[in-house]
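J.: One predicted model, sequence on top.
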Amino acid sequence: MGTFPYQESFRKLTVLLGAFLFVSAAGWAQTTTLEGDVKGDDGKPLKDAVIKIERLDIKGNYKTKTDKKGHYIHAGLPIGNYNVTLEVDGKVIDTMKNVRTKLGDAIPINFDMASMKKQQEQTSKALESGQMTKEMERGLSNEQKAALEKQTKERSAQLQKNKALNDAFNTGREAMNNKQWDAAVESLQKATELDPNQHVVWANLADAYAGAAAAKTGQEQTDLYNKAIDAFKKAIELKPDDPAYLNNYGLMLARAKRGPEAQEQLTKAAQLDPPNAGKYYYNLGAILQNTGQYEAAIEAFKKATEADPNHAEAQYWYATALSSKITMGADGKVVAPPGMKEALEKYLGLKPDGQFAPAAKDLLTTIGGQIQTTYENPSAPKKGTKKK
């Protein structure tokens, strides 16, 4: 059966109409708009900031700039997922990731550099302290999340290490308080192994060795003093500006009969802490005196009285140390060494009822009222006269 001419024409028209509709559908692709405002570090609108728009679902890159009011807009964008990046002077400032566009009103994407800076500072502080809120965590980049996870693991390990360190240190301190020196040394040695950079641990270990040494004699004592000295060296390496460490180190050297080295350390302590210089030299003098180093003790006590003339005990012990130099003149009178009488009188002036007042008075009586600080031969011709 044939076709009528008008039927063939209708068929062709239908095909052409279908082709026309297909082309029209392609021309009516759905689009959307992104726009927003950009503020600078000063909170004011930022002109000429570059906004880069990168499509994620299929390849597509777009770019625009802010106007003098800090506003930007980009219309005609295909609906999809985008990263929207703010660039200023060629530097990426921030990126809003995975922005999903849709039909209808423009999607606002704003950038406030002042707020971003403040938030970054808060995030950095939170990362350092480990006090990261859930809200902050959601705003972290993948790199920041990885850094946070690493820090969390390191902090956990450090806390465990710190607990072990604190336990060892506190156990050592308790043993020292109970004069259990061997146990104290063992615990404090463990603490130095857990963290060799804690000066307070080394200083306490030195004290523990010194305590143990006091109960020993001979070579065993010497070996323990040397270990105490080495521990103090470590403490001072870590904290060289602590006069108390230098003081204790110097006293340890004095106990080991290393007088010149002891004086050097006590001098350093006095230089770092001038108001307490008299105490440091007095401590040195006491150790030297007790260990039979009398000449060195005299020098130390003298420095103590010079550094602090009102240090009463230093005055008394300086005079006592000088008493070893009392001599008898040819006439049988006592000749006191220079400074002895003055030191005794100074002590009694400072502490007339002090612990050493009776002894000071006895010494003054011993050297008598006819005290001479230097000896002169009474038969020698006086100055200004000629011998007959």
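T.: Nice, I can see it. Residues are numbered from 1 along each chain as shown.
J.: if I look at R100, how far off is W317?
T.: Relative to W317, R100 is positioned 87 Å away (Cβ to Cβ, to the nearest Å). Where you see a C-beta, it was placed from the backbone N, CA and C, and this is true even at glycine.
J.: Among the two, which residue is more densely surrounded?
T.: Neighbour totals were compared for R100 and W317, and W317 leads with 24 against 12 (other Cβ atoms under 10 Å).
J.: can you tell me the helix or strand for that one?
T.: Using DSSP states H and E, W317 falls within helix 312-322.
J.: again, but for N98
T.: Judged by DSSP H and E, N98 forms part of strand 91-100.
J.: Neighbours of the closest residue to K325 other than its chain neighbours, how many?
T.: Counting by Cβ to Cβ, 6 or more residues apart in numbering, K325 lies nearest to P337, which is 4.0 Å off, once chain neighbours are set aside. P337: 18 surrounding residues under other Cβ under 10 Å.
J.: swap in D89?
T.: 8.
J.: Also L194?
T.: Neighbour tally, L194, other Cβ under 10 Å: 18.
J.: Span of stretch 350-361 from start to end?
T.: End-to-end distance of stretch 350-361: 13 Å, with Cα to Cα, to the nearest Å as the criterion.
J.: Next: stretch 305-312.
T.: 8 Å.
J.: One more: stretch 57-68?
T.: Taking Cα to Cα, stretch 57-68 runs 32 Å from one end to the other.
J.: how far is it from where the chain is centred?
T.: 48 Å (Cα atoms, centre = their mean, to the nearest Å).
J.: Offset the numbering so it begins at 767, please.
T.: In the new numbering, first residue 767, that becomes stretch 823-834.
J.: re the thing from before, give me the contact list for the helix holding W1083.
T.: Helix 1078-1088 is contacted from outside by 1044, 1047-1048, 1051-1052, 1055, 1060, 1063-1064, 1067-1068, 1070-1071, 1074-1075, 1102-1103, 1105-1107, 1109-1110, 1112-1113, 1116-1117, 1120, 1122, 1125-1126, 1129, using Cβ atoms under 8 Å, 6 or more residues apart in numbering.
J.: before we move on, the earlier item: chain center to the strand holding N864, what's the gap?
T.: Chain-centre distance of strand 857-866: 38 Å, with Cα atoms, centre = their mean.
J.: Can you give the strand pairings for it, parallel or anti for each?
T.: Sheet pairing of strand 857-866 (DSSP bridges) gives strand 847-854 (antiparallel).
J.: now the partner strand: mean pLDDT?
T.: What strand 847-854 shows for mean pLDDT is 93.
J.: ok, now stretch 960-968?
T.: 92.
J.: Ends of that stretch, what's the gap?
T.: 12 Å.
J.: Please apply the same query to stretch 1001-1014.
T.: By Cα to Cα, one end of stretch 1001-1014 lies 11 Å from the other end.
J.: List the buried residues for that stretch?
T.: Buried residues in stretch 1001-1014, counted by 16 or more other Cβ atoms under 10 Å: A1001, I1002, L1004, K1005, D1008, P1009, Y1011, L1012, N1013, N1014.
J.: For it, which outside residues touch it?
T.: Contact with stretch 1001-1014 is made by 963-966, 968-969, 972-973, 998, 1015, 1031-1032, 1034-1036, 1038-1039, 1042, 1046, 1049, as judged by Cβ under 8 Å, 6+ apart.
J.: before we move on, what about stretch 857-871?
T.: So stretch 857-871 is in contact with 796, 798-800, 822, 843, 845-853, 873, 875, 877, 879, 882, going by Cβ under 8 Å, 6+ apart.
J.: again, 6 Å this time
T.: With Cβ atoms under 6 Å, 6 or more residues apart in numbering as the test, stretch 857-871 has contacts from 796, 798, 845, 847-852, 873, 875, 877, 882.
J.: Emit the ChimeraX select command for whichever of those residues are buried.
T.: If you want just the buried ones from the contacts of stretch 857-871 in ChimeraX, going by 16+ other Cβ under 10 Å, the selection is:
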select :798,848,850,851,852,873,875,877
